[in-house]
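# Return a 3D structure for these sequence lines:
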Amino acid sequence: MDADFFCQECKAFTQTVLDRSTGDTVCTECALVVDHHYVDLTSEWRTFADDTDGEDKVRVGGASNPLLGDEGGLAPTLISKTNGKPAFFSVARAQAHDPHRALIQAFGTISAMASRLHLVSKIEHRAQEIYKNLKDRKSIVGKPQTAVLAACLFVACRLEHAPRTVNEIFSVANGATKKKIGQAINIIEVEMGSTLEMGTARAGDFMRRFCSHLGMSNQTVKAALEAVQNTEELDIRRAPLSVAAAVIYMITQLSDEKKQLRDISLATGVAEGTIKKAYKDLHPHAAKLIPSSFAPEEDLRKLAAP
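Prediction:
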């Protein structure tokens, strides 16, 4: 653990964890990669022979990937002889016949999308694993590739308790539509439902990130988190994203950091009309939701009517 990093999402100094295998420094509060420039200065050797024979160190070969089988997805370079002279087999030609080529390209696309969303390597690897399982089951034959990969990333985020909205996934899925991504998510849930424990996304899962996008202070974020947690005790039949957006709107109206409805809509991906409807449902319960330490009862009467 280390507390010397300032997290841009949390807007505070938070405890972090260093993933030495990837060089990423990860915030323990929101899973944001706060730094990815760590360099491991220890030995490069991958394997060692017996200590009595220190000359058999191995430093060649690419990193293995358990999802690609024993070959690790690397196309071999074959050297043969013709008339006693060596003839080099084209590396490009060998790669063209590599059975793992399509899988490697898919994994690369997932890595690129995960990087743009600043997701930790654990989520990236989980998405790759989901895709590999779908491919082995032949469940995605004929389905749009980019949409399937985006859906795998969406499900992986949910499984690793760092959910992202469909809009956020869509923003990095070049060429895929929200409809196709949604259909691909349904395929994953049907095909792998017995082995996946996605659970249900809650409004609080998105709150800290949304507040960060809006540049809210720590005190206001803390009040918003407590308020959204209090909504779980009420029978509010609204989508988690709508509840989160409505809570943010309510909290900011009681502070000096008032936010326009359109700004909250952009940060959360929830339509302004939907936020208004959710706010209308929450408004009668303001006294139960808003921490008294943040806004006394007389201030609650100043809340705008829905």
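
# which SS class is I140?
Secondary structure state of I140, per DSSP: H, G, I helix; E, B strand; the rest coil, is coil.

# Quick one: residues contacting it.
134, 148, 184, 187 (Cβ atoms under 8 Å, 6 or more residues apart in numbering). C-beta coordinates here come from the backbone N, C-alpha and C atoms, glycine included.

# now do 10 Å
I140 makes contacts with 131, 134, 147-149, 151-152, 184, 187-188, 191, as judged by Cβ atoms under 10 Å, 6 or more residues apart in numbering.

# what does K222 give?
When contacts are counted by Cβ under 10 Å, 6+ apart, K222 touches 211, 216, 251, 291, 293-294.

# In helices, which of the contacts of I140 fall?
131, 134, 147-149, 151-152, 184, 187-188, 191 (DSSP state H).

# Most neighbours among those, which one?
Neighbour count (other Cβ atoms under 10 Å) singles out A151 as the most crowded of the ones in helices among the contacts of I140, with 31 neighbours.

# where does the chain dip in pLDDT?
Low-confidence segments of the chain (pLDDT under 70): 1-4, 20-21, 23, 36-99, 193-200, 306.

# need the helices for it, in chain order.
Counting by DSSP H, the helices of the chain are 91-96, 101-116, 121-137, 145-159, 166-170, 178-191, 203-213, 218-230, 240-253, 261-268, 272-282, 286-289, 297-300.

# These: which one's closest to C27?
helix 203-213 (10.0 Å; Cβ to Cβ).

# Using PDB, write down the CA coordinates of the closest one.
Taking Å, rounded to 0.1, in the frame of the first residue of the first chain, the C-alpha atoms of helix 203-213 are listed here in PDB:
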ATOM      1  CA  ALA A 203     -26.200   3.700  -8.000                       C
ATOM      2  CA  GLY A 204     -23.300   4.000  -5.600                       C
ATOM      3  CA  ASP A 205     -21.000   2.000  -8.000                       C
ATOM      4  CA  PHE A 206     -21.000   5.000 -10.400                       C
ATOM      5  CA  MET A 207     -21.200   7.900  -8.000                       C
ATOM      6  CA  ARG A 208     -17.500   8.600  -7.200                       C
ATOM      7  CA  ARG A 209     -16.600   8.600 -10.900                       C
ATOM      8  CA  PHE A 210     -19.400  10.900 -11.900                       C
ATOM      9  CA  CYS A 211     -18.600  13.300  -9.100                       C
ATOM     10  CA  SER A 212     -15.000  13.400 -10.300                       C
ATOM     11  CA  HIS A 213     -16.100  14.200 -13.800                       C
END
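
# Pull out the buried positions in that helix.
203-212 (16 or more other Cβ atoms under 10 Å).

# what's the closest of the ones in helices among the contacts of I140 to R101?
Y131 (14.6 Å).

# leaving aside the residues next to it on the chain, what's closest to the closest one?
C152 (4.6 Å; Cβ to Cβ, 6 or more residues apart in numbering).

# What residues does the one you found make contact with?
106, 109-110, 113, 126-134, 140, 169, 184-185, 188.

# switch to 6 Å and redo it
127, 130-131 (Cβ atoms under 6 Å, 6 or more residues apart in numbering).

# just V221 next, same as before
C211.

# before we move on, what about A267?
A267 is in contact with 210, 213-214, counting by Cβ under 6 Å, 6+ apart.
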